[in-house]
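Student: After the sequence you'll find the predicted model.
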Amino acid sequence: MRLVKVKGYEEMSAFAAGRILEKIKGSQEVTLGLATGGTPVRMYELLVQDYKRNQTSYRHVFTYNLDEYAGIPSDHPNSYYQFMFQHFFNHVNIPKENIHIPQGLTTDLHQEAKRYEKLIDKISGVDLQILGIGENGHIGFNEPGTPFTKETHVIELTESTRQANARYFDHEDEVPTHAITMGIATILKSKEILLLASGDKKAEAIYQMFSKDHDVECPASALKTHPNVLVIADEKAAARLE
Ligand code: F6R
């Protein structure tokens, strides 16, 4: 696991967008694993800016989102589906059929998790996975205590994650209690991983990720076993290292 320290949020976002563009421009077909949340918002804006300026084509890009809330429809304003279209997919020329996001509202969520995992197996893991990190060290929605062997599954969100995500909802009790998420084992199938972290709220999680050795209480520490992980942390997020 390598670390790149950058000054702030803007530089972190530009670094990540640059790597995605390199991949897109350098491959005839590319599969991206994508994250939602506050961290990648500027990265998506920069990709959209690039698209407007340079018309970088996304026709050969296939995307697989990490997770989705359970129990809300894809047209719910807080669904990750809406997030992705609003921040990214609506603004570039990616074919809709290339986009994959778990369905949070189905009669059988466990079946949906299996279906999603099969899609990722079919491509033998994504080429480039973008991750954020939760204040409690989660990646995707793999909360502390989740076995690292789990593939895509349904998970109950912790109180701290629901509180952290309440900023997007009118009331905290509207935040869904469950989600469907790629498991750690799914994430580890990726060929390359970029984990982005910005701000002092992430400093403890970044410190734990580097100091813990494959500890289920710090899900992000699972990334230590992967051969190609780059952590891009800004000064505040990296403040507790060294
Ligand atoms: C989002 C995801 C989560 C977030 C994490 C950080 O798809 O899987 O793991 O990356 O909760 O969220 P922000 O960026 O809002 O701090």
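Tutor: Happy to help now that I have it.

Student: all contacts plus neighbour counts: C-alpha atoms, from now on.
Tutor: Noted.

Student: list the contacts for the residue sitting nearest the centre point of the chain?
Tutor: Central residue of the chain (CA atoms, centre = their mean): residue 35, 2.6 Å from the mean position. Going by CA atoms under 8 Å, 6 or more residues apart in numbering, residue 35 touches 65, 66, 67, 130, 131, 132, 140.

Student: what do you get if the cut-off is 6 Å, keeping everything else the same?
Tutor: Contacts here follow CA atoms under 6 Å, 6 or more residues apart in numbering; on that basis residue 35 touches 66, 131.

Student: what does this protein put close to the ligand?
Tutor: 35-39, 66-67, 131-134, 138-141 (CA under 6 Å from any ligand atom).

Student: Can you turn the buried part of the residues you listed into a ChimeraX selection?
Tutor: Selecting only the buried members of the residues of the chain next to the ligand in ChimeraX, with burial defined as 16 or more other CA atoms under 10 Å, works like this:
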select :35,36,39,66,67,131,132,133,134,138,139,140,141
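
Student: How is residue 71 assigned, secondary-structure-wise?
Tutor: What DSSP: H, G, I helix; E, B strand; the rest coil gives for residue 71 is coil.

Student: What count of nearby residues applies to it?
Tutor: 18 (other CA atoms under 10 Å).

Student: Pretty sure it sits against residue 103.
Tutor: No: using CA atoms under 6 Å, residue 71 is not in contact with residue 103; the gap is 9.2 Å.

Student: From the residues of the chain next to the ligand, which land in strands?
Tutor: Using DSSP state E, the subset of the residues of the chain next to the ligand located in strands is 67, 131.

Student: Report the beta-bridge partners for the nearest residue to residue 23 once chain neighbours are set aside.
Tutor: Sequence neighbours aside, residue 30 is the residue nearest to residue 23 in space, at 7.1 Å (criterion: CA to CA, 6 or more residues apart in numbering). When bridges are called by DSSP bridges, residue 30 pairs up with residue 61.

Student: same check, this time on residue 139
Tutor: Under the criterion used (DSSP bridges), residue 139 bridges to residue 142.

Student: so it touches residue 133, yeah?
Tutor: Yes: Residue 139 lies in contact with residue 133 (CA under 6 Å); the separation is 5.3 Å.

Student: Assumed residue 119 was part of a helix.
Tutor: Yes: assessed by three-state DSSP, residue 119 belongs to a helix.

Student: Enumerate the positions of the helix or strand containing residue 52 that are buried.
Tutor: Using DSSP states H and E, residue 52 maps to helix 41-54. For helix 41-54, burial by neighbour count (16+ other CA under 10 Å) applies to 41, 42, 43, 44, 45, 46, 47, 48, 50, 51.

Student: try stretch 57-73
Tutor: 58-73.

Student: And for stretch 72-91?
Tutor: So for stretch 72-91, counting by 16+ other CA under 10 Å, buried means 72-74, 78-84, 87-89, 91.

Student: Also stretch 208-225?
Tutor: 208-210, 212, 214-224.

Student: and the lowest-mean-pLDDT helix or strand in the chain, how far from the chain's centre?
Tutor: The helix or strand of the chain with the poorest confidence is helix 159-165; it has a mean of 91 (mean pLDDT, DSSP states H and E). Distance, stretch centre to chain centre, for helix 159-165: 16 Å (CA atoms, centre = their mean, to the nearest Å).

Student: again with stretch 216-229
Tutor: 14 Å.

Student: Determine the longest helix present in this structure.
Tutor: Longest helix of the chain, by residue count under DSSP state H: helix 9-26.

Student: What are the neighbouring residues in contact with residue 8?
Tutor: residue 234.

Student: Thanks a lot, see you next time.
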